[in-house]
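1. Here's a sequence, model it:
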Amino acid sequence: MNNLASNSSENELIADRVFVRESLDKIPAKRQLSVQENADYERKIIALLAAKNTVIVTHYYTDPLLQALVDKTEGCVADSLEMARFGSDSSASTLMVCGVKFMGETAKILSPEKTVLMPTLEATCSLDIGCPIDAFSAFCDQHPDYKVVVYANTSADVKARADWVVTSAIAVDVVEHLLAQGDKIIWAPDKHLGRYIQNKLGAEGDEILLWDGACIVHEEFKLKALGDMQHLYPDAAVLAHPESPLVILEVADMVGSTTQIINAAVNRPEQQFIVATDSGIFYKLQQAAPKKEFIMAPTSGEGATCRSCAQCPWMGMNTLERLYDSLLQESNEIKVDPELGKQAMVPLQRMLNFKRNN
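-> Coordinates of the predicted model:
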């Protein structure tokens, strides 16, 4: 049984979805640079990184040009947790976080003494938008006997309200651990990952209450179109991120986080893979397994219905041009209230300890 929590009413939930659409509509068109312009920005950025004692940390879903730059400058291309961990361990005094805003906030929480910059502060996430702190906190207050477990794709405010923060790599293990202790769970914000956890653990009744949020990229993968593609590539294994709908996960050969998907592509014997996650990951997939073939899982993007076409539009706002401007002007700094940061660090530290011990 799936217990889906709306924001407190159906009207508020609809309003949040409208907010997501409005946010998408405001994203400016990406300016295409020439090869020479990209090379010039890369050269200038490399010089500024050294002059300003700065390291770049970027997510697997960003532009391959950014990922290639990070590889050249000994930065970090990773999932959101490893981005923050790398930044915390780095000797650099400034972190340039290329991703979406919650990633910058997490980096700042783990490295409060460091300056954290981003190419733009407008890059957000539909999961973050769809879980506003006031509505979410009110829902949690209605269920005071539940442990609150939130995904990393949430604001600093939501993390501070939680008992646990998890990544997709350890979400099932943490929830299983809590259920074994007799705890009931509020899970937020991704309903698809929540349903995957419920299904995986056989959770019944009201053991896990799900917040009604979704990633606009992963929600678009469609079962019928995937089946058609499997007929075209019968020897291909399907690799899926657990933010995808449950019907996709049920037919996948492997379900896992971005890092786990990359590892599976390297270690599995198949030579072809249909990949159900953001297309930005293809840069690292092809780098990690250059002799293998990767095919993007189909989305609803036949014509005008596609909102992301397997590419996060907010991740796409991270460009070399914006990175350079931010670094040069030391602008777009991430600020987290110190007291809020301390509160958010409690569930984050539980996650870090759990991962270390398991």
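
2. Quick check: K44 touching Y324?
-> Yes - in terms of Cβ atoms under 8 Å, K44 counts as a neighbour of Y324; the distance is 5.8 Å. (Each C-beta comes from the backbone N, C-alpha and C, glycine too.)

3. neighbour-wise, which of those two wins?
-> Under the neighbour definition other Cβ atoms under 10 Å, K44 and Y324 were set side by side, and Y324 has more, 17 against 14.

4. Relative to L33, how far out is the more buried one?
-> 11 Å (Cβ to Cβ, to the nearest Å).

5. Quickly list what's touching both of these two.
-> By Cβ atoms under 8 Å, 6 or more residues apart in numbering, Y324 and L33 have these common neighbours: Y41.

6. for the most centrally placed residue in the chain, what are its contacts?
-> With distances taken as Cα atoms, centre = their mean, the chain has N153 as the residue nearest its mean C-alpha position (5.6 Å). Contacts for N153 were tallied using Cβ under 8 Å, 6+ apart; they are 80, 102, 125, 127-128, 189-190, 215.

7. Most widely separated two among these?
-> S80 and P189 (14.2 Å; Cβ to Cβ).

8. what about these two, which has more around it?
-> P189 (28 against 25).

9. Show the model's pLDDT score for that one.
-> Residue-level confidence at P189 comes out at 96, pLDDT.

10. That one: what's it in contact with?
-> 127-128, 130-131, 136, 150-151, 153-154, 158, 211, 213.

11. List just the nearest of these to K291.
-> N153 (32.7 Å).

12. wait, what's in contact with the nearest residue to that closest one once chain neighbours are set aside?
-> Nearest-residue entry for N153: L127, 4.1 Å, with adjacent residues in sequence omitted and distances by Cβ to Cβ, 6 or more residues apart in numbering. Applying Cβ under 8 Å, 6+ apart, we find L127 in contact with 151, 153-154, 189-190, 213-215.

13. And D235, by the same measure?
-> 270-272.

14. Looking at those, state which has the most neighbours.
-> Ranking the contacts of D235 using other Cβ under 10 Å puts E270 first, with 18 neighbours.

15. Show me which residues of stretch 41-61 are buried.
-> 41-42, 45, 48-49, 52, 54-61 (16 or more other Cβ atoms under 10 Å).

16. Identify the residues contacting the residue nearest to W211 when sequence neighbours are not counted.
-> Once flanking residues are discounted, W211 sits nearest to A188: 3.5 Å by Cβ to Cβ, 6+ apart. Residues near A188 by Cβ under 8 Å, 6+ apart: 5, 131, 136, 148-151, 154, 158, 194, 210-211, 213.

17. Sort out which one of those lies nearest T258 for me.
-> Of all these, T258 sits closest to Y151, with 13.4 Å by Cβ to Cβ.

18. All good on my end, thank you.
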